[in-house]
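Visitor: sequence unknown, structure follows:
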């Protein structure tokens with residue numbers, strides 16, 4: 001009789017194995033150990049949750065230098081009312097919609113990294129996103145920083161918790177096995193992804209042969225120990241998904257439900273260490289105030305519920321949740337009560353062992369680069385800290401060179 005944890009690990013392994021394809025030797029050697037029991041080395045290791053803010057988040061109205069007179073000058077229509085801001089330092093405050101983040105800061109669980117970017121910033125969504133995903137300025141990257149990380153995390157898995165019809169991010173490319181993209185736990189029913197219809201039909205034929213007992217003994221044994229377990233236990237997995245009871249209520253928003261799925265996977269102890277989710281809509285060229293406020297509230301409320309739920313379940317000091325966006329917005333508002341593509345912006349890290357408070361000064365509004373805030377912290381400095389100190393892998397190998405680690409974590413992870 002399988003235990004709940006053994007069953008879930010088996011389902012993850014099975015669906016991941018079949019999703020990658022059936023090139024058996026490499027397939028087995030790299031993916032068969034994709035999940036770890038919690039009582040084995042790595043089963044209770046540190047976890048990273050990446051939240052992508054797609055479209056270019058307006059950092060100036062996210063972390064607000066409210067005492068700077070230039071803020072009011074540049075943001076006459078988009079200026080946020082001082083009484084509604086959540087002060088985090090004498091001259092810096094959070095957007096009114098980030099009430100949950102303010103609570104996390106009071107709880108010692110929020111790190112605000114100001115002025116993050118990279119040299120010669122691109123104004124293209126696609127190019128800038130590629131740079132962040134690859135952790136590199138290389139042209140046309142084919143591998144992501146998290147995919148490279150997974151090659152060093154022997155036996156660990158990752159999950160992309162996707163929006164409907166969302167493609168897997170470049171950040172996860174290059175991993176030893178294909179990273180599953182899920183929109184709900186029910187997606188663990190068998191996904192047989194293939195490059196084209198011929199591959200799909202071939203995979204189905206192999207599984208049918210295995211079920212009928214007509215395939216070769218070695219392949220039959222392999223299939224029976226992996227993929228067919230998923231077929232046999234789909235109903236049980238759906239019951240487990242429905243039985244999860246959060247310790248705090250999650251909002252009904254899309255991001256909150258995706259983070260709830262992350263929480264289910266973490267609590268199920270399937271051995272995954274990296275989770276990737278995104279929130280779209282930050283390309284606010286017009287009528288920004290209402291849209292940006294709604295998005296930041298969705299972010300803040302969802303992340304706060306997730307962290308409180310995980311803390312109540314004993315995972316507080318295992319988790320770092322990190323947000324990023326491909327760029328910020330221009331300092332001056334445009335004629336449509338919005339903002340255009342910019343450069344430097346803040347990042348947030350949430351967790352029981354982050355360096356709580358503000359890291360770095362707010363970029364000067366009096367010293368702009370073609371109307372954009374100048375960065376003082378390369379985003380790869382944040383990545384380096386997360387890689388070396390939190391995940392325990394070599395940032396030099398992942399990023400291609402050494403970067404000074406940003407002071408975003410309390411202590412080196414053990």
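Guide: Looks like it arrived, so ask away. Here the structure is a predicted model, which means the values were calculated and not measured.

Visitor: make it CA atoms for all contacts and neighbour counts henceforth
Guide: Noted.

Visitor: contacting residues for residue 354?
Guide: Applying Cα atoms under 8 Å, 6 or more residues apart in numbering, we find residue 354 in contact with 108-111, 320, 408-410.

Visitor: equivalent analysis for residue 48, please.
Guide: 273-275, 319-322, 391.

Visitor: which residues does it bridge with?
Guide: Note on residue 48: beta-bridge partners by DSSP bridges are residue 274, residue 320.

Visitor: contacts for stretch 116-130 next, please.
Guide: Defining contact as Cα under 8 Å, 6+ apart, one finds that stretch 116-130 is touched by 55-56, 140-141, 170, 325-327, 341-347, 374-379.

Visitor: kindly recompute the last result at 6 Å.
Guide: 326, 341, 344-346, 375, 377-379 (Cα atoms under 6 Å, 6 or more residues apart in numbering).

Visitor: quick one: distance of the helix or strand harbouring residue 277 to the chain centre.
Guide: Counting by DSSP states H and E, the element that carries residue 277 is strand 272-280. The chain centroid and the centroid of strand 272-280 are separated by 3 Å under Cα atoms, centre = their mean, to the nearest Å.

Visitor: what about residue 136, how many residues nearby?
Guide: Neighbour count of residue 136, defined by other Cα atoms under 10 Å: 19.

Visitor: phi and psi next, for the nearest residue to it once chain neighbours are set aside.
Guide: Of all residues not flanking residue 136 in the chain, residue 399 sits nearest, at 6.5 Å (Cα to Cα, 6 or more residues apart in numbering). Here is the backbone geometry of residue 399 (degrees, to the nearest 10): phi -90, psi -10.

Visitor: centre-most residue in this protein?
Guide: What sits nearest the mean C-alpha location of the chain, by Cα atoms, centre = their mean, is residue 50, with 1.9 Å.

Visitor: for it, give me the pLDDT.
Guide: Model confidence at residue 50, given as pLDDT, is 98.

Visitor: same question, the one 4 residues further on
Guide: pLDDT for residue 54: 98.

Visitor: tell me the contacts of it?
Guide: 280, 282, 325.

Visitor: list the contacts for the residue lying closest to the second one once chain neighbours are set aside?
Guide: Read that as residue 282. The spatially closest residue to residue 282, leaving aside those adjacent along the chain, is residue 55, at 4.4 Å (Cα to Cα, 6+ apart). Neighbouring residues of residue 55 by Cα under 6 Å, 6+ apart: 281-283.

Visitor: again, only this time at 7 Å
Guide: Residue 55 makes contacts with 125, 280-283, as judged by Cα atoms under 7 Å, 6 or more residues apart in numbering.

Visitor: what's the strand holding residue 277 packed up against?
Guide: strand 47-54, strand 157-161 (3 or more Cα pairs under 7 Å, 6 or more residues apart in numbering; DSSP states H and E).

Visitor: repeat that with 8 Å
Guide: In terms of contacts (3 or more Cα pairs under 8 Å, 6 or more residues apart in numbering; DSSP states H and E), strand 272-280 is packed against strand 47-54, strand 157-161, helix 254-267.

Visitor: which parts of stretch 279-288 are buried?
Guide: 279, 282-285, 287-288 (16 or more other Cα atoms under 10 Å).

Visitor: same question, stretch 111-125
Guide: 111-118, 121-123, 125.

Visitor: residue 397 in helix, strand or coil?
Guide: Under DSSP: H, G, I helix; E, B strand; the rest coil, the three-state class of residue 397 is helix.

Visitor: neighbours of the closest residue to residue 368 other than its chain neighbours, how many?
Guide: Nearest residue to residue 368, sequence neighbours excluded (Cα to Cα, 6+ apart): residue 374, at 6.2 Å. Residues within reach of residue 374, counting by other Cα under 10 Å, total 24.

Visitor: let me see the contact set for residue 374.
Guide: Taking Cα under 8 Å, 6+ apart as the criterion, residue 374 is in contact with 115, 117, 343-344, 363-364, 367-368.

Visitor: which two in those are spaced the farthest apart?
Guide: 117 and 367 (15.6 Å; Cα to Cα).

Visitor: residues contacting the longest helix along the chain, please?
Guide: Secondary structure of the chain read by DSSP state H shows that its longest helix is helix 288-312. Residues outside helix 288-312 that contact it (Cα under 8 Å, 6+ apart) are 62, 78, 95-101, 104, 246-251, 253, 255-256, 259-260, 263, 279, 281-282, 284, 316-317, 337-339, 350-351.
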